[in-house]
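# sharing a sequence plus its predicted fold:
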Amino acid sequence: MNVFVLTGAGISAESGLGTFRDPGGLWHRFDPMRLATPEAFADEPEEVHAFYNLRRQGVRETVPNAAHAALARLEAGLQARGGRLFLCTQNVDDLHERAGSRAVTHMHGELLRARCTACGESRPWADDLSVDTACPACGRRGGMRPDVVWFGEVPLHLDAIARALDAADLFVAIGTSGAVFPAAGFVARARGAGIPTHEVNLAPSDTAGLFEAATYGPATRAVPGFVD
Ligand code: BV8
C-alpha cells in the first residue's frame, strides 16, 4: 500500500514550535511579507536573519513528539509489507528526521541548512547567519541565506511529489491549515484521481470540505490513533 502524508506546522505544535496561523502564531506576530519573501531578504537581510536565527535556535531546543514517532513507525511498517510512505512536509524543522523517519521531502526547504546565493552551495547549518557570514564554498560574504522556500519562490521536489501523489492509495494531511499553495491543492489532486483522502488536524482546515474522512484532536493523540 502506498500512502502519501502531507504534514504542516500542527504536527510540531506539541513539541513547542509555534504554528503560523493559529492565535499567537508566527504570522500573527510577524509579517510574512516582511520576513519570508526574497524581496524582504534583499531589503532587510539582517531583520530576516534575526527572525530565522531565532527559529533555528528554537528548533534545536525542541524534541520530536508522539505524532512524529508514529509516522516513523508507519514508514517502517509499510516498508516491511512491501508498501511505501511518501512523507512530504511543509515544515522546515528536522523533527521528522529526529523521530526516525528515513525519507522526508521538505517542499519548503530546511531551516537547518544555509544556501549561498552567489555559488548556490547548500550546507547543513546550525549556527546564526548574518550578512557577514562567509560562504564555506566560495568565500563570498553577504550572500548566505536560510535554505527555505519563501513566498513567491517555487517549492522543491514538485515533480517527485506529483508522481508520488498520483501513485498513492491514500492521501493524508496532518496539522496543516490548507492555506498555502501548491500544498493546499494536493487534496484536490488526490480527489480528482479518485484517491481516498483523510484529514488529521486539531480542527477542520480551510480545505476540510475536500476530505472524505477526518480525525480531529491534538496530533500526539490523533496521529498514533490513526497509524497504530
Ligand atoms: C509559489 C517556509 C509559484 C519558510 C513558507 C502572490 C505572490 C506569490 C505567490 C502567491 C501570491 N498569492 C498566493 C501565492 C501563492 C503562495 C500562497 O499560497 N500564499 C497563500 C498565503 C495564499 N504560495 C507561494 O508563494 C509558494 N510558491 O506559489 O510559487 C509556483 C508554484 C508551483 C509551481 C510553480 C510555481 C511558496 C509557499 C511557501 C512559503 N513558505 N514557509 C518559513 O517557514 O518561514 S509558508 C508556511 O506556511 C510554512 O511553510 C507552513 O508550513 C506553511 C503552511 O502552513 P501550515 O503548516 O499549514 O501551518 P498553519 O499555522 O497555517 O496551520 C497549522 C494547522 O495545524 C492548523 O490547521 C491548526 O488547526 C493545526 N494544529 C495546531 N495545533 C495542532 C494542530 N493540529 C494537530 N495537533 C495540534 N496540536
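Yes, it's here. Numbering: from 1, shown residues only.
# could you point out which element follows the helix or strand bottoming out on mean pLDDT in the chain?
For the chain, the helix or strand with the lowest mean confidence is helix 26-29, at a mean of 86 (criterion: mean pLDDT, DSSP states H and E). Going down the chain from helix 26-29, the next helix or strand is helix 32-35, by DSSP states H and E.
# which SSE is Glu47 in?
helix 45-60.
# quick check: mean pLDDT of that helix?
Averaging pLDDT along helix 45-60 yields 95.
# quick one: the nearest residue to Ala173 once chain neighbours are set aside from the ligand, how far?
Ranked by C-beta to C-beta, 6 or more residues apart in numbering and with sequence neighbours excluded, the top spatial neighbour of Ala173 is Leu6, at 4.7 Å. Quick note: C-beta positions are derived from backbone N, CA and C, even for glycine. Leu6 sits 9 Å away from the ligand, taking C-beta to the nearest ligand atom, to the nearest Å as the criterion.
# in terms of secondary structure, what does the strand ranked longest in the chain contact?
Assignment by DSSP state E gives strand 109-116 as the longest strand of the chain. Helices and strands touching strand 109-116, by 3 or more C-beta pairs under 8 Å, 6 or more residues apart in numbering; DSSP states H and E, are helix 45-60, strand 122-124, strand 144-148.
# in its sheet, what does it sit against?
strand 122-124 (antiparallel), strand 144-148 (antiparallel) (DSSP bridges).
# distance from the first one to the middle of the chain?
Taking C-alpha atoms, centre = their mean, to the nearest Å, one finds the center of strand 122-124 at 17 Å from the center of the full chain.
# repeat that for stretch 193-210.
Relative to the chain's own centre, stretch 193-210 is displaced by 17 Å; criterion: C-alpha atoms, centre = their mean.
# what about Asn91, neighbour count?
A count of nearby residues for Asn91, using other C-beta atoms under 10 Å, gives 26.
# near the ligand, which residues of the protein show up?
Residues of the chain lying near the ligand by C-beta under 6 Å from any ligand atom: 8-10, 13-14, 19-22, 25, 36, 90-92, 108, 148-155, 158, 175-177, 179-182, 201-203, 205, 218-219.
# which residues sit in contact with Leu210?
For Leu210, the contacting residues are 187-188, 191, 197, by C-beta atoms under 8 Å, 6 or more residues apart in numbering.
# so which residue of the protein lies furthest out from the middle?
Gly139 (29.8 Å; C-alpha atoms, centre = their mean).
# that residue and His157, how far apart?
29 Å (C-beta to C-beta, to the nearest Å).
# repeat for Pro64
Taking C-beta to C-beta, one finds Pro64 at 22 Å from His157.
# higher neighbour count, these two?
Pro64 (21 against 13).
# list the contacts of that one.
Contacts of Pro64 by C-beta under 8 Å, 6+ apart are 15, 95-96, 98-99.
# equivalent analysis for Ala13, please.
19, 22, 175, 202, 218-219.
# now Leu74
Leu74 sits next to 3, 5, 85, 227 when contact means C-beta under 8 Å, 6+ apart.
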